[in-house]
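Undergrad: What shape does this take:
(chains A and B)
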Amino acid sequence: MKFIAKMILGTGLMLVAATGFAQTKVTFWYGLTGFNGEVVKQVVEKYNASQTKYLIEAVSQPDYDATINKLNTSLAGGELPHVVQVYDIGSQRMIDTKKVTAVSDLLAKDKLDIAKDIEPAVAAYYTIGGKLWSMPFNSSAPVMFFNKAAFREVGLDAEKRVWTYDEVLAAGKKLVKKDADGKVTRYGLGFTLYSWLFEQELATQGALFADPANGRLTRATKLVFNNTAGVNWLNFLKKNLDDGVGRSFGIDGGANSTARDAAFVNGEAVITFNSIAGLRGYLKNAADAGKGVEVGTAYIPRPAGSKGGVIIGGASLWITNTGSSDEQAGAWDFLKFTAQPDIQAFFSSNTGYYPIRKAAYDLPEMKAALAQYPQFQVAIDQLRATAASPATAGAVFGTFVKTRGNIQAAMEQFMSGKFPTAKAALDDAARKSSSELAEYNALTK
Amino acid sequence: MKKALLYLFLTLAALAVLFPLLFSLSLALQGETVSPRILPDFTRLDFTVFAQVFAKEPLMGRWIFNSWVVSISVTAGVLLVSVLAAYPLALFRFRGQTFVLFLFLSTLMIPWESTILPNYLTIALWGWKDSYQALIVPFLASGFGIFLLRQAFKTVPAELHEAAVMEGCGRSRFLWAILVPLTKPALATLGIWAFLNTWNQYYWPLLVIDNPVWRTTQVGITAFRSTEIASYNLPMAATLIVLAPTVLVLFAGQKQLVEGLTAGAVKG
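TA: Numbering: from 1, shown residues only, chains lettered A, B, ... in the order given. Take a look at the predicted model:
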């Protein structure tokens, strides 16, 4: 009797607890670090303050790679976060986990029509096999950064936006400076060997990276980046080296990227290529360095007559189909919140990523940011000028990380002369990458 | 003159050894910049960077504490387990001895990567995620440690054992009063190896810890990297803060360590 009384009392207390301060906890992993990671935290705080039903517990991860690797291992144990930020090239791997709910299904259930207001290039990137899989979050694309002051000094047009490879080479020749001993003190172009840019240059030339159709309609089975477009880009970089107007800082990442950035903000390399999200860092560091570098932006260069555009990079938010229905509802509610125009305007104006909603541009916060950073407008125009096609949507396949490694190794070997031609270097990388992809596809079917 | 040269040489050698530390300090104090120099501008040193580290990640102190708890526990555990397992293997004869030895040794052939998943599943099943035991227990037994100590114990002359037994010394007394003190160098080596291995672990703590409170420093300090344009002041300051206690302990314990390493060099 006593026992039953206790039971009833206990259940009653639990019910009170459940209805009284029931806030459903939703876990969210994110891999954006440093200053931009702080802005992610602020978005989460805004959401938590905006309502009382759900509580987002945001857990920072060391980086994007660690996030998806940890997630993949956790799959076996069954404990997944409800929302996870995954980088652009992780999309196919996320779909292949079979533990995600597609955002377009959730939108259809809510009869929400925000998909039309999502920036078309952004929506195209995260639409695979006709479905918008994840909610785009931080999006960026590369631009050509240059020092306006140096351009004016040698009589180049500092407002020109579209440059061909030949024009960049000719500009580089004018920009190069040597001291009395013939040592170069200022390079026309400073670059890293960066697969992301290589992929962008393929898109600019309207060439495919993977077959069939970049994996957009059906699963990609073969890498085809060893085409004319890829060869053109490698030859362009090599020509810059051979003519003594360009400097390679080696494979992108870590200290090499920092060395490239340092050369740019100190005026030792006039032109470089990077994500538009790096704009604020460049502006701040150029001002701190005090070498008179005036940061300008232009479209990424291309061979004459190219008609393609740029591919979106960055990361998006994925919903896993694990957890209670309350938790899943909370995860979806949070995603909708992050995609609101006002939140996107806040995120974009504080970080330098594109807002994913067109409506965000009408808000005063975004207008103020654009007035402050006119260089950002160039990046928006470049994105809007991109014609939609499988090439500019970008490739999706499961082994992107390895393929990037192969491409960067091939670029390095070609630059150092280990391969006689760019074609031979890319053929080698494509063969390796295709066989890795075949292995992945066989394992995930 | 000769002495002056010697000291000049020693100073240079010391600088070379300390370079990574000094360079980290130099990078930490130069403020947020992508183009740091080897030596900072001494008129504008930014000492607030250390406070910034704690302001950005208030859990920093907790992470350092976690790393110490885990590293010390694993080191103590490995030493204890290895001593007790190596003792019978080295000094006694029993049925299946070779089999047991090879069983331990064969664990050395299994790459750590292939054990991650089963270990992770066990930890998750026991509900040990986000706890000290998740970081400690999987590393308590080490095939390498057992083998190392077995070899060390074997170098102790058999006559010593016989004489001790003759004098009525029991098995545990022989182990703790004679064998362990005689093989201090091997124990010190194993201890340092276990400590450093644990301290430097990255993937395992990343995997079994979801709640930042339980993170260790190696996972924790990645929070100071930036995704777009990298500047090194905060990461370097955080690294120095993590390093400081370790270096202090090393300086304080250096004498004992060296004594330990040479204790058995000349048979006493």
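Undergrad: for chain B, which spans come out with low pLDDT?
TA: Regions of chain B meeting the criterion pLDDT under 70 cover residues B:256-268.
Undergrad: Tell me the residues of chain A that contact chain B?
TA: Where chain A comes near chain B, counting by C-beta under 8 Å from any C-beta of the partner chain, the residues are A:27, A:32-38, A:59-63, A:66, A:70, A:73-74, A:76-79, A:254, A:257-258, A:261-262, A:265-266, A:275, A:277-278, A:280-282, A:284-285, A:288-289, A:352. (Each C-beta comes from the backbone N, C-alpha and C, glycine too.)
Undergrad: now, which of those lie within helices?
TA: Counting by DSSP state H, the part of those found in helices is A:34-38, A:66, A:70, A:73-74, A:76-77, A:254, A:257-258, A:261-262, A:265, A:280-282, A:284-285, A:288-289.
Undergrad: buried subset of those residues?
TA: A:34-37, A:66, A:70, A:73-74, A:77, A:257-258, A:261-262, A:265, A:280-282, A:284-285, A:289 (16 or more other C-beta atoms under 10 Å in any protein chain shown).
Undergrad: Get me the contact residues on the stretch 51-200 of chain B for chain A.
TA: So the stretch 51-200 of chain B meets chain A at B:56, B:116-117, B:120-121, B:124-125, B:129 (C-beta under 8 Å from any C-beta).
Undergrad: and which of those is nearest chain A?
TA: B:A124 (3.8 Å; C-beta to the nearest C-beta).
Undergrad: Quick one, grab the pLDDT at the residue nearest to the closest one when sequence neighbours are not counted.
TA: Leaving aside its sequence neighbours, B:A124 sits nearest to A:G77 (C-beta to C-beta, 6 or more residues apart in numbering or on different chains; 3.8 Å). Looking at A:G77, its pLDDT is 74.
Undergrad: Likewise for A:I8?
TA: For A:I8, the model assigns a pLDDT of 50.
Undergrad: what does the one 4 residues further on give?
TA: Listed pLDDT for A:G12 reads 46.
Undergrad: buried set for the helix or strand harbouring B:S71?
TA: Element membership for B:S71, per DSSP states H and E: helix B:60-91. Buried residues in helix B:60-91, defined by neighbour count with 16+ other C-beta under 10 Å: B:60, B:62-64, B:66-68, B:70-71, B:73-75, B:77-79, B:81-83, B:85-91.
Undergrad: Check stretch B:144-151 too.
TA: B:144-150.
Undergrad: The residues you listed into CSV, with extra columns for secondary structure and distance to A:D333?
TA: As requested, those are exported to CSV (DSSP: H, G, I helix; E, B strand; the rest coil; distance: C-beta to C-beta, whole Å):
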residue, secondary structure, distance to A:D333
B:F144, helix, 51
B:G145, helix, 51
B:I146, helix, 54
B:F147, helix, 56
B:L148, helix, 56
B:L149, helix, 57
B:R150, helix, 60
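Undergrad: Contacts only, for A:D211.
TA: Listed by C-beta atoms under 8 Å, 6 or more residues apart in numbering or on different chains, the contact set of A:D211 reads A:220-224.
Undergrad: If we use 10 Å, what do you get?
TA: A:220-225, A:395, A:397, A:434 (C-beta atoms under 10 Å, 6 or more residues apart in numbering or on different chains).
Undergrad: One more: A:S433?
TA: A:S433 touches A:210, A:222-226, A:397, A:399-400, A:402-407, A:410, A:426, counting by C-beta under 10 Å, 6+ apart.
Undergrad: Wait, a helix at it?
TA: Yes. Membership of A:S433 in a helix is supported by DSSP: H, G, I helix; E, B strand; the rest coil.
Undergrad: how close does it sit to A:M411?
TA: 13 Å (C-beta to C-beta, to the nearest Å).
Undergrad: Give the intersection of the neighbour lists for these two.
TA: Taking C-beta under 10 Å, 6+ apart as the contact rule, A:S433 and A:M411 both touch A:L426.
Undergrad: surely B:H161 meets B:R173?
TA: No. Look at B:H161 against B:R173 with C-beta atoms under 10 Å: they stay out of range, at 11.9 Å.
Undergrad: which residues are in contact with both of the two?
TA: Joint contacts of B:H161 and B:R173 (C-beta under 10 Å, 6+ apart) are B:L179.
Undergrad: how many other residues sit next to A:A229?
TA: 23 (other C-beta atoms under 10 Å in any protein chain shown).
Undergrad: try the one 4 residues further on
TA: Other residues within reach of A:W233 by the criterion other C-beta under 10 Å amount to 28.
Undergrad: ok, the closest residue in space to it that isn't next to it in sequence - contacts?
TA: Distances taken as C-beta to C-beta, 6+ apart put A:E201 closest to A:W233, at 4.1 Å, once the chain neighbours are dropped. Contacts were defined as C-beta under 10 Å, 6+ apart; by that measure A:E201 touches A:142, A:165, A:207, A:229-230, A:232-234, A:236-237, A:273, A:300-303, A:306, A:308, A:310.
Undergrad: From the contact counts, what lies against the helix or strand containing A:N240?
TA: Per DSSP H and E: A:N240 is located in helix A:228-242. Other helices and strands packing on helix A:228-242, by 3 or more C-beta pairs under 10 Å, 6 or more residues apart in numbering or on different chains; DSSP states H and E, are helix A:165-175, strand A:184-193, helix A:195-204, strand A:246-251, helix A:400-415, helix A:422-444.
Undergrad: Show the contacting residues for the residue in the stretch 301-445 of chain A that chain B sits nearest to.
TA: Relative to chain B, the nearest point of the stretch 301-445 of chain A is A:G352 (7.6 Å; C-beta to the nearest C-beta). Each residue near A:G352 by C-beta under 10 Å, 6+ apart is listed here: A:35-36, A:39, A:138, A:140, A:275-281, A:283, A:369, A:373, A:375-376, A:379, B:228-229.
Undergrad: roughly how far apart are it and B:F195?
TA: 43 Å.
Undergrad: before we move on, what about B:L91?
TA: From B:L91 over to B:F195 the distance is 27 Å, taken as C-beta to C-beta.
Undergrad: what sits against A:K183?
TA: By C-beta under 10 Å, 6+ apart, the residues touching A:K183 are A:K177.
Undergrad: no, scratch that, I was asking about A:W233
TA: Contacts of A:W233 (C-beta under 10 Å, 6+ apart): A:165, A:197-202, A:204-205, A:207, A:225, A:300-303, A:411, A:422, A:426.
Undergrad: Helix, strand or coil: sort out A:W29 for me.
TA: With three-state DSSP as the criterion, A:W29 reads strand.
Undergrad: ok, back up a step: wouldn't the residue nearest to B:A124 be in contact with B:Y120 here?
TA: Yes. Between A:G77 and B:Y120 a contact is recorded at 6.0 Å, counting by C-beta under 10 Å.
Undergrad: so what sits against both of these two?
TA: Joint contacts of A:G77 and B:Y120 (C-beta under 10 Å, 6+ apart) are B:129, B:207-208.
Undergrad: mind listing what residue 23 touches?
TA: If you meant another chain, say so; for now it's chain A. A:48, A:51-55, A:330.
Undergrad: My question was about chain B, not that one.
TA: B:36, B:38-39, B:236.
Undergrad: got the contacts of A:D211 as a markdown table, with neighbour count and secondary structure columns?
TA: Formatted as a markdown table, the contacts of A:D211 follow (neighbours: other C-beta atoms under 10 Å in any protein chain shown; DSSP: H, G, I helix; E, B strand; the rest coil):
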| residue | neighbour count | secondary structure |
| --- | --- | --- |
| A:A220 | 25 | coil |
| A:T221 | 14 | coil |
| A:K222 | 15 | strand |
| A:L223 | 26 | strand |
| A:V224 | 20 | coil |
| A:F225 | 26 | coil |
| A:A395 | 27 | coil |
| A:F397 | 26 | coil |
| A:S434 | 22 | helix |
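Undergrad: so how many other residues sit close to A:Q408?
TA: When counting by other C-beta under 10 Å, one arrives at 21 neighbours for A:Q408.
Undergrad: beta partners of the nearest residue to it once chain neighbours are set aside?
TA: Once flanking residues are discounted, A:Q408 sits nearest to A:I251: 4.8 Å by C-beta to C-beta, 6+ apart. Note on A:I251: beta-bridge partners by DSSP bridges are A:L193.
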